[in-house]
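predicted model and sequence below, questions to follow.
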Amino acid sequence: MTEISCAEKEKYAKQLKRRMECWREIILPLHSVLFWERPWYPGLIVGLVTLFFSLIWILEPAMLTMLAISLLIAALIDYLVPVVSSTFFSANSWTGKKERKLDDICQRLSVTIFRLQNAWNILWNTRNNRPNFYYGSLSIFLLLLAWIGNAVNNLLLIYVIAIFLLLTPGLRYKHRGQSAIKSIYNQVLHRKTS
């Protein structure tokens, strides 16, 4: 990376940290759960997601109802978290160790955001510079997605995607995804040579 982009990332991380000031007491435990600092956190993630999707499956709400309730919950969380944080957590309990951890989280988050922006820019440049390749690839991808959506129950598909997205940070952090892929690769090679 160039020096300008590092400075830009640092500036963005500081802005992100300022925006998350009232959420900092919530972000640290959430980070701990997503990055599996305790061995039972993956089970907790899978259990909560399963409970949530089981409720949706049992209640079978309409799409508009689900959207309205989801937005209502998001609005309530956005309103209540700063109030609850200031009420239950004193400013004296915030330590230098927690501050460093929050800095690290903001740095990682800013790097992730810049990577997503870079991927979006690459996609946009491909659209402008190689439209035939872009539209052909996009058409094939969307047709494949439509076929999968037609063949698999949508709630099950969203459940699997949610589990995958929530377990990915821990898998990457603990390097378990790489070891599982290597194990599968070795099994396939072992069977092929036998």
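Thanks, I have the structure now. Numbering: from 1, shown residues only.

helix or strand right after the longest helix along the chain?
The helix that spans the most residues within the chain, counting by DSSP state H, is helix 96-129. Using DSSP states H and E, the helix or strand that follows helix 96-129 in sequence is helix 131-151.

report the buried residues of that following helix.
By 16 or more other C-beta atoms under 10 Å, the buried positions in helix 131-151 come out as Tyr134. Backbone N, C-alpha and C define where each C-beta goes, glycine included.

give me the contact list for it.
Helix 131-151 has contacts (C-beta atoms under 8 Å, 6 or more residues apart in numbering) with 123, 126-127, 157.

check which helix or strand the residue nearest in space to the middle of the chain maps to.
When C-alpha atoms, centre = their mean is applied to the chain, the residue found nearest the centroid is Leu165 (5.3 Å). Here Leu165, judged by DSSP H and E, is contained in helix 154-174.

give me the distance between the closest residue to Leu123 other than its chain neighbours and Asn125.
Nearest non-adjacent residue to Leu123, counting by C-beta to C-beta, 6 or more residues apart in numbering: Tyr134, 7.8 Å away. To Asn125, Tyr134 is 9 Å away according to C-beta to C-beta, to the nearest Å.

repeat for Ser85
Ser85 is 41 Å from Asn125, where distance means C-beta to C-beta.

re earlier: tabulate the contacts of helix 131-151 (TSV), appending distance to Ser139, neighbour count and pLDDT.
Shown next, in TSV, are these (distance: C-beta to C-beta, whole Å; neighbours: other C-beta atoms under 10 Å; pLDDT from 0 to 100):
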residue	distance to Ser139	neighbour count	pLDDT
Leu123	15	13	93
Thr126	14	14	94
Arg127	13	13	93
Leu157	21	14	92
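
out of those residues, which one sits closest to Thr112?
Leu123 (16.6 Å; C-beta to C-beta).
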